[in-house]
Structures are given as C-alpha cells and as structure tokens.
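Novice: Here's my sequence, what's the structure:
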Amino acid sequence: MLVKEIMSTQLVTLSADSKLGFASDIMYLGRIRHLPVVNGKEIVGILTQRDLYKASLTSIVTNWNENKVFLDSVKVAETMTKDVISISSDTSVEDAAQIMIDKKIGCLPVVEDKNILVGLITETDVLQYFVDECRKK
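Specialist: Numbering: from 1, shown residues only. This next block holds a predicted model:
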C-alpha cells in the first residue's frame, strides 16, 4: 500500500511567525502532536509536541501563567525542526514506517514538487494500517 492511501490531507499548519502559545493551544485543543510549518504551500519546518516541551523547560518557569506568557513571546521558527525528513505520496507504507523507526520520528510530511506539502503520515496512521492488515488474515 502507498502512503497516499492512508495519509491525512486535511492538515492544520502554522507559519514560522506564529507564536508557540498559539501552537500549544492548537495542539491541546485538537489533540495534535505534529504541526507542519509552511511558507505558502512549501514546508519549511515541523513543530512537535516534544519541541513545545523543550521550549517550556528552557523557560524555567514554575506556573502555567508564566509559561503561557513565555510561549506567547517565542516564534515557531525559533523552536521548529528545520531539517524536515519528508517522503512522496508514492512511498510504500512499509518504507515510511522504516524511515520513522530509523530516524526515531513520529511523522513524515508528504510532499510533491519542490517541497509542496500535500499530506502527513503519522505513527498512528502506520499502526492502524498494520492492525487492519493483520485483522484481514
């Protein structure tokens, strides 16, 4: 099976100028762990829940309000992963899973023509695929 058959195409994205507080709210309310960062339609980075945790720890604050103020002052560009590992929609699900395992990452942006973001495949998508395949047997 190919990634394009199971990837998410309805994505929530951020711009590099967005604030971490806004990203944190989106992640919490939407139960999202990975937010692609785009310039137009081109992917320029990815912000993960782990990135937010690291940013919160560096603020060395003790209460939620202080942390929220700190996160509202930091741009996504300062925290996001810039060297994004991505794949094409014609990559097999098995190959995508192996890349995630090898690179120890939880998602892969799916891109076409010059880094244009067209979807996202997560470890949850891959696990669901394999569970569905096992149940067919």
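Novice: looking at this structure, which helix or strand does the model trust least?
Specialist: Every helix and strand of the chain was ranked by mean pLDDT, DSSP states H and E. The lowest is helix 64-71, at a mean of 74.
Novice: Packing partners of that helix?
Specialist: Using 3 or more CB pairs under 8 Å, 6 or more residues apart in numbering; DSSP states H and E, the elements in contact with helix 64-71 are helix 20-30, helix 49-58. The way it works is simple: take the backbone N, C-alpha and C, and place the C-beta from them, glycine included.
Novice: how big is the angle separating the shortest one from helix 20-30?
Specialist: Here helix 49-58 runs at 130 degrees with respect to helix 20-30, directions being taken by axes from the mean of the first three to the mean of the last three CA atoms, to 10 degrees.
Novice: Just the residues contacting helix 49-58, thanks.
Specialist: 20, 23-24, 27, 33-34, 67, 70-71, 74, 79-81 (CB atoms under 8 Å, 6 or more residues apart in numbering).
Novice: Likewise for stretch 16-36?
Specialist: Contacts with stretch 16-36, where a contact means CB under 8 Å, 6+ apart, come from 11-14, 37, 39, 43-49, 52, 55, 68, 71-77, 79-80, 106-107, 109, 117, 120, 122.
Novice: Brilliant, that's me finished.
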